[in-house]
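K.L.:
how does the following fold in three dimensions:
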Amino acid sequence: MEGPLQTSVHVCHENGRWMSKLPEKLWDIPLYNLSLPGSHDTMTYCLDKNSAVSGNESKLVEILNKFMPCIVRPIIMKWSITQVLTVTEQLEAGVRYLDFRIAHKANDPSMNLYFVHMVYTTVVVQDILWEVLKWLETHPQEVVILACRNFDGLNKKLHCHLIACIKEIFQCKLCPRNVMTLFCCFPKYLECVSRG
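P.N.:
Model prediction:
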């Protein structure tokens, strides 16, 4: 299976600049009228099999995992992992909508935020945001939509921390507040993404 996966990644690699290659007649089409490829549960390629089950899951799942981990844990992992490509590989494959489900681990005194889909990821949110920024800097005419949601275990302080991280990392690459992301036209959005 390693061969076909590597081949598909190599073939998909050519899609890393698809937006910049759109015909000029599509430049004034609003983003909401374009089909943007996205990934479901973008970060599930790096779920931590040793991590606790998210507190957002049902009590039954928690109990079964506690008393029968040898049986339940492989099922949870198999069900939870929806992606095998890293975030950079997904962007190179043409994905432009990233589904980030963000959480804070229960009883974690740090400000670290993780991604979650039944269990938490091995990477922290900030590291992935930096990775997306690095990719955007080498692809200045591409647009990436970050769909941050769930926010399991985030209080107001952690939510403000997340917003501050996003602003600090992406700075002028963020769509300006006065431009509604879903209604902005392609060239205007490109300007705001590629400014630097």
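
K.L.:
what residues sit buried inside stretch 144-158?
P.N.:
Going by neighbour count (16 or more other CB atoms under 10 Å), the buried part of stretch 144-158 is 144-145, 148, 150-154, 158. In this view, the C-beta of every residue, glycine as well, is placed from N, C-alpha and C.

K.L.:
which one of those sits closest to residue 70?
P.N.:
Nearest to residue 70 out of the buried residues of stretch 144-158 is residue 152 (CB to CB; 25.7 Å).

K.L.:
quick check: that closest one touching residue 105?
P.N.:
No: assessed by CB atoms under 8 Å, residue 152 is found out of contact with residue 105, at 9.1 Å.

K.L.:
distance of the residue nearest to residue 119 when sequence neighbours are not counted from residue 161?
P.N.:
The spatial neighbour of residue 119 that comes closest, neighbours along the chain excluded (CB to CB, 6 or more residues apart in numbering), is residue 51 at 4.6 Å. According to CB to CB, to the nearest Å, residue 51 stands 21 Å off from residue 161.

K.L.:
between the two, which is the more surrounded one?
P.N.:
With neighbours defined as other CB atoms under 10 Å, residue 51 and residue 161 compare such that residue 161 has more, 18 against 15.

K.L.:
wait, that one touches residue 111, no?
P.N.:
Yes: contact criterion CB under 8 Å: residue 161 and residue 111 qualify, at 5.4 Å.

K.L.:
and stretch 163-172, how far out from the chain's middle?
P.N.:
15 Å (CA atoms, centre = their mean, to the nearest Å).

K.L.:
list the buried residues of it.
P.N.:
By 16+ other CB under 10 Å, the buried positions in stretch 163-172 come out as 165-166, 169-170.

K.L.:
now those residues as CSV including secondary structure, pLDDT and distance to residue 127?
P.N.:
Output for those, formatted as CSV (DSSP: H, G, I helix; E, B strand; the rest coil; pLDDT from 0 to 100; distance: CB to CB, whole Å):
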residue, secondary structure, pLDDT, distance to residue 127
165, helix, 96, 11
166, helix, 95, 13
169, helix, 96, 10
170, helix, 94, 14
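
K.L.:
any low-confidence regions in this protein?
P.N.:
1-13, 177-196 (pLDDT under 70).

K.L.:
gap between the two ends of stretch 44-60?
P.N.:
End-to-end span of stretch 44-60 (CA to CA, to the nearest Å): 22 Å.

K.L.:
list the buried residues for that stretch?
P.N.:
44-47, 53-54, 57.

K.L.:
ok, the spatially closest residue to residue 167 that is not a sequence neighbour to residue 101 distance?
P.N.:
Once flanking residues are discounted, residue 167 sits nearest to residue 174: 7.0 Å by CB to CB, 6+ apart. Note on residue 174: its distance to residue 101, by CB to CB, is 20 Å.

K.L.:
which one's more surrounded, the two?
P.N.:
residue 101 (22 against 16).

K.L.:
surely the more buried one forms part of a strand?
P.N.:
Yes: Residue 101 forms part of a strand when assessed by DSSP: H, G, I helix; E, B strand; the rest coil.
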